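> Kindly generate the corresponding structure for this input.
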Amino acid sequence: MKYIVLGLGNFGKSLAIRLTELGHEVIGVDNRMAKVEQLKEKITHTVCMDSTDVDAVSALPLKDAHAVIVAIGEDEGASLLTTALLKQLPVKRIIGRVVSDLQKTVLEAMSIDEYIMPEEETAGRLAMRLDNIDIVDSFKISDKYSIIETKVPAKYVGMTLKEANLTNKYKVIVLTTLQTSERLEKGKMKICKEATGIAKSDTVLVEGDILVLFGELKDINRLIQKGE
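Below is the predicted model:
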């Protein structure tokens, strides 16, 4: 997949590097040449430009990008201006960075439903969600093990955990399942998640629920890919 990361501060840099390591094509953009030069060997492509310049941004391969992430943090004005500019261009998916409640309010007013708060979500967790659409969230326990939230694969809907036999097949442990529901908050529908308790052998896998898995990432990815 192809991603464009606008802003290569600490968060944007970490995100762009991680997505590149995961095998994606990443264009990292910043208006500081020193930052661009520093990262040119670690990111697929780096570009020095002003992301508030419509002509410069229009020259980027926006139509081909699966998502454009506005990772600018230190300059809220530039971040909002860049986001507003992207709304007028052919971009499939815009993810905005939020550093204040006011900025969040403005993004919502611009109908940007996807945003990240670096204080709550690390670059690594966002990279995992971008890397696999079925991963809802992730938490790295160590270099080897992670806890991953993923949608119940269609193949296992209606089965009990004993019947699905995921631990023996894929070497992963199901910690719990999460039921999802929609709730109206401030005039917008929000997805809410509620744990059903510790997973047992007779726990039934329901369509629309989320599995909370513990294991090695390679094994969890095998489950997701083969469980489609």
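> Can you give me the buried ones in stretch 160-174?
161, 164, 166, 170, 172, 174 (16 or more other Cβ atoms under 10 Å). Every residue, glycine included, has its C-beta placed from N, CA and C.
> out of those residues, what pair is the most spread apart?
Greatest spatial distance in the buried residues of stretch 160-174: 161 and 170, 12.3 Å, computed using Cβ to Cβ.
> hey, what's in contact with both of the two?
Taking Cβ atoms under 8 Å, 6 or more residues apart in numbering as the contact criterion, residue 161 and residue 170 have no common neighbours.
> Got phi/psi on the residue lying farthest from the centre of the chain?
Most distant from the centre of the chain: residue 202, at 31.7 Å, with distances by Cα atoms, centre = their mean. Residue 202 adopts backbone torsions of phi -90, psi 10, taken as degrees, to the nearest 10.
> what's the answer for residue 15, then?
Geometry field for residue 15 lists phi and psi as phi -60, psi -50, criterion degrees, to the nearest 10.
> thought it was touching residue 123?
Yes. Counting by Cβ atoms under 8 Å, residue 15 does reach residue 123; the two are 4.0 Å apart.
> you'd agree residue 44 is up against residue 25?
Yes. Using Cβ under 8 Å, residue 44 is in contact with residue 25, at 4.9 Å.
> now this protein, which segments are flagged as low pLDDT?
Counting by pLDDT under 70, the ranges of the chain that qualify are 119-121, 132-134, 136, 139-142, 185-190, 227-228.
> Please parse it into its domains.
Listed by automatic domain parsing, the domain ranges of the chain are 2-130, 134-226.
> Tell me which of these is the most buried.
Mean neighbours per residue, mean count of other Cβ atoms under 10 Å, is largest over the domains of the chain for domain 2-130, with a mean of 18.
> so how far is that domain from its chain's centroid?
12 Å (Cα atoms, centre = their mean, to the nearest Å).
> distance of the residue farthest from the centre of the chain from residue 33?
Per Cβ to Cβ, to the nearest Å, residue 202 is found 61 Å from residue 33.
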